[in-house]
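*Asks:* Need a 3D model of the sequence below.
(chains A and B)
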Amino acid sequence: KQEVTQIPAALSVPEGENLVLNCSFTDSAIYNLQWFRQDPGKGLTSLLLIQSSQREQTSGRLNASLDKSSGRSTLYIAASQPGDSATYLCACAGGNNRLAFGKGNQVVVIP
Amino acid sequence: DTAVSQTPKYLVTQMGNDKSIKCEQNLGHDTMYWYKQDSKKFLKIMFSYNNKELIINETVPNRFSPKSPDKAHLNLHINSLELGDSAVYFCASSQDLEGFPSYEQYFGPGTRLTVT
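*Replies:* Residues are numbered from 1 along each chain as shown, chains lettered A, B, ... in the order given. This next block holds a predicted model:
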């Protein structure tokens, strides 16, 4: 059974600093890994998807890396802004594309 | 244009009642899912359907019954609601079931169910 862990559970950073969010997973047999953003009381917004054969994906200020052999992914957010305050969820796609989620990194960017 | 929509957004009901949550996607996807997010914000998959066929059925009480009238709709019916059913239920869809390339899942806005 896939177990996904996200560290740290919560963090606060001053505006302008780079954010580094870590995700680890126990079963390396994944089809892809997705990073989502969830705002309070809202749904999930997909940020990046990394296929199992890829090492990283980039979108604007966001960069996500994937190391299947060590069971790790890292989401980097450059030059953080107050609007980046949210919970970031890491999810691994296993058989039948079922997603196994971590509990999230709750981020507060202080203006 | 809403990609994955759910109704209702909020649902407050009493124990023992039966309720349904509806989900529709206009993305032309083949696969739809139901996830539950509990009070600790932990998301877990409940069901998935591929072209109206049940593919994933996690350890969910049989009071929960998904129904897919067509591949654009996946509804969730819950019988005899219990306090522990209070949660946010998310519907999602994706283009394909598995294999390479595998496709990202798109989530609806969620339905907050409160059982009193």
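*Asks:* Please report how far A:Val13 lies from A:Leu44.
*Replies:* Separation of A:Val13 from A:Leu44 (Cβ to Cβ, to the nearest Å): 22 Å. For every residue, glycine as well, the C-beta is placed using N, CA and C.
*Asks:* and these two? which has more neighbours close in?
*Replies:* Per other Cβ atoms under 10 Å in any protein chain shown, whichever of A:Val13 and A:Leu44 has more neighbours is A:Leu44, with 26 against 17.
*Asks:* pretty sure that one is touching A:Leu89, no?
*Replies:* Yes: using Cβ atoms under 8 Å, A:Leu44 makes contact with A:Leu89 at a distance of 6.7 Å.
*Asks:* Report the set of residues contacting both of these two.
*Replies:* Residues within reach of A:Leu44 and of A:Leu89 at once, by Cβ atoms under 8 Å, 6 or more residues apart in numbering or on different chains, are A:Phe36, A:Arg37, A:Gln38.
*Asks:* Which one (most neighbours) among those residues?
*Replies:* A:Phe36 (24 neighbours).
*Asks:* and it, what does it touch?
*Replies:* A:Phe36 sits next to A:Leu44, A:Thr45, A:Ser46, A:Leu47, A:Tyr88, A:Leu89, A:Cys90, A:Ala91, B:Phe107 when contact means Cβ under 8 Å, 6+ apart.
*Asks:* Would you quantify the distance from the residue nearest the centre of chain B to chain A?
*Replies:* Taking Cα atoms, centre = their mean, the centroid of chain B lies closest to B:Trp34, which sits 2.7 Å from it. From B:Trp34 across to chain A, the span is 11 Å (Cβ to the nearest Cβ, to the nearest Å).
*Asks:* Going along the chain, name the strands of chain B.
*Replies:* Here chain B has its strands, by DSSP state E, at B:4-7, B:10-13, B:19-25, B:31-37, B:43-50, B:53-57, B:64-70, B:73-78, B:87-94, B:106-107, B:111-115.
*Asks:* residues from chain B in reach of chain A?
*Replies:* Neighbours of chain A within chain B, by Cβ under 8 Å from any Cβ of the partner chain: B:31, B:33, B:35, B:40-45, B:48, B:55-56, B:90, B:92, B:94, B:96-110, B:112.
*Asks:* Out of those residues, which end up buried?
*Replies:* Neighbour counting with 16 or more other Cβ atoms under 10 Å in any protein chain shown marks B:31, B:33, B:35, B:43-45, B:48, B:55-56, B:90, B:92, B:94, B:97-98, B:102-110, B:112 as buried within those.
*Asks:* wait, B:Met46 sits on B:Glu58?
*Replies:* Yes: assessed by Cβ under 8 Å, B:Met46 is found in contact with B:Glu58 at 5.6 Å.
*Asks:* PyMOL command for the buried members of the contacts of A:Phe36?
*Replies:* Of the contacts of A:Phe36, the buried ones can be selected in PyMOL as follows, counting by 16+ other Cβ under 10 Å:
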select buried, (chain A and resi 44+47+88+89+90+91) or (chain B and resi 107)
